[in-house]
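>>> Please work out how this folds:
(chains A and B)
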Amino acid sequence: KAGVTQTPRYLIKTRGQQVTLSCSPISGHRSVSWYQQTPGQGLQFLFEYFSETQRNKGNFPGRFSGRQFSNSRSEMNVSTLELGDSALYLCASSLEGNRDYGYTFGSGTRLTVV
Amino acid sequence: AQRVTQPEKLLSVFKGAPVELKCNYSYSGSPELFWYVQYSRQRLQLLLRHISRESIKGFTADLNKGETSFHLKKPFAQEEDSAMYYCALSRSYKLIFGSGTRLLVRP
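Numbering: from 1, shown residues only, chains lettered A, B, ... in the order given. Sure, this is the predicted structure:
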């Protein structure tokens, strides 16, 4: 059974550019959530999608957005990149976002903004 | 506000010693708590769910609602247990993570 797949693994972007990250959940999982991991702030929730609907959003500026497709794959987009956006972005999938089952994480996309 | 606190950034023990990684939470309702582990160069993995009351790799965690704690314990640490451990509270389709504790098991 394939795990959560995130692409690309690494990205280097320049300030002001935009970036799109992709996540393919475990087959059958309909909930996809995104987290930002940095040494200073730790793991912070960005947003969660279920059946193409955003059910929750974290405290991030509007430059951070996401979407989910009918096949449950998800993308997140960051526009007008800032140096502080450099982080590891993690995607997690779950059957239904049901807390009882926990979440399975991908390996992440390492974004570096220069 | 919901919050998860892991007071220790680093916990260093010798192989064979007992381990207790502390986790305290702030939540007025019935909490859904997890422990996740991140080994070096590996992805974040689910270690324990409080609802299942299972033991994984010798680790156990008991929810203490009176003390609002969910400490992770293992009676005899192994070198392969060295990793970053995160306690997390599930709420409204998201996980609220603690800042993590690095466990270092020395030979």
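>>> all strands of chain B, in order?
B:3-5, B:10-14, B:19-21, B:24-26, B:32-38, B:45-49, B:60-64, B:69-74, B:83-91, B:94-97, B:101-106 (DSSP state E).
>>> partner strands of the last one, parallel or antiparallel?
What it means is strand B:101-106. strand B:10-14 (parallel), strand B:83-91 (antiparallel) (DSSP bridges).
>>> of all these, which lies closest to residue A:108?
Closest to residue A:108 of the strands paired with strand B:101-106, according to Cβ to Cβ: strand B:83-91, at 13.6 Å. Any C-beta I mention is one placed from the backbone N, CA and C, and that applies to glycine too.
>>> Which one of the residues in chain B is closest to chain A?
residue B:90 (3.6 Å; Cβ to the nearest Cβ).
>>> Just give the nearest non-adjacent residue to residue B:60, would you?
residue B:73 (5.5 Å; Cβ to Cβ, 6 or more residues apart in numbering or on different chains).
>>> beta partners of the one you found?
residue B:20, residue B:60.
>>> pLDDT wise, what is it at?
For residue B:73, the model assigns a pLDDT of 95.
>>> Please apply the same query to residue B:17.
So residue B:17 comes in at 98 (pLDDT).
>>> so what's it up against?
B:76-77 (Cβ atoms under 8 Å, 6 or more residues apart in numbering or on different chains).
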